[in-house]
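Chemist: Sequence plus predicted model, see below.
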Amino acid sequence: AQKVTQAQTEISVVEKEDVTLDCVYETRDTTYYLFWYKQPPSGELVFLIRRNSFDEQNEISGRYSWNFQKSTSSFNFTITASQVVDSAVYFCARSMEYGNKLVFGAGTILRVKS
Amino acid sequence: ETGVTQSPTHLIKTRGQQVTLRCSSQSGHNTVSWYQQALGQGPQFIFQYYREEENGRGNFPPRFSGLQFPNYSSELNVNALELDDSALYLCASSRTQNTEAFFGQGTRLTVV
């Protein structure tokens, strides 16, 4: 199976620390999308970013940034100056082919303590 | 613009029973996907509907079936419920098959 691996099961940080969530994926597709979603305790998956496999430029959105390296099949997510409200489960996912049917990783639980 | 809504929020069923879960897609979205998320795991793709036709299916048995209606809302039906079907069922809608998907809050199904 072409997996998505999030090696960190759980991370605990103190507020204002920077934290990086790792994601490594497998795929035989030449074109695909990569995603990050946030799942707060309410259960809804909140869309954070979609990245095209052709676009390896890093992206920054406020305190969030993403580093995509096709050579290592990694798509890591960094939160700068973490806040308590960032506490959630974060999922990395890749598309099956070039669409939006998704294969998810197992998720990383992020706990930000005040 | 309303988001993706699912009903019911919670449901308890007995093993062997049948269940129907419902999803209203976001306005302007014609594609709906369903996912099963067991406790402590990532969501797993069940199937996708595009303009009322099934457009791909994950590794789930035939007792998992679905429908999409002309207004693009959708149902997930599960027959002969098993204990392992206990999970959070998530619906996601998207403008097309290739655009980002937005998820509902899920239906928590417990099979006893």
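Modeler: Looks like it arrived, so ask away.
Chemist: quick one, phi psi at residue A:72?
Modeler: Comment: the main-chain dihedrals of residue A:72 come out as phi -110, psi 10, following degrees, to the nearest 10.
Chemist: wouldn't it be in contact with residue A:24 here?
Modeler: Yes: look at residue A:72 against residue A:24 with Cβ atoms under 8 Å: they come within range, at 7.5 Å. Just so you know, the C-beta spots here come from the backbone N, C-alpha and C atoms, and that holds for glycine as well.
Chemist: Looking at these two, which has the bigger crowd around it?
Modeler: residue A:24 (17 against 9; other Cβ atoms under 10 Å in any protein chain shown).
Chemist: quick one, what contacts the residue nearest to the more buried one when sequence neighbours are not counted?
Modeler: Taking Cβ to Cβ, 6 or more residues apart in numbering or on different chains, and ignoring the residues beside it in sequence, residue A:24 has residue A:5 as its nearest neighbour in space, at 4.8 Å. Residues in contact with residue A:5 (Cβ atoms under 8 Å, 6 or more residues apart in numbering or on different chains) are A:23-26, A:105-106.
Chemist: and the spatially most central residue of chain B, what element?
Modeler: The centroid of chain B falls nearest to residue B:34 when counting by Cα atoms, centre = their mean (3.4 Å). According to DSSP states H and E, residue B:34 maps onto strand B:31-37.
Chemist: That strand and chain A in contact?
Modeler: Yes: in this structure, strand B:31-37 sits against chain A according to Cβ under 8 Å from any Cβ of the partner chain; the contacting residues are B:31, B:33, B:35.
Chemist: Taking these, please make a PyMOL selection of just the buried ones.
Modeler: When burial is assessed using 16 or more other Cβ atoms under 10 Å in any protein chain shown, the buried subset of those is captured in PyMOL by this command:
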select buried, chain B and resi 31+33+35
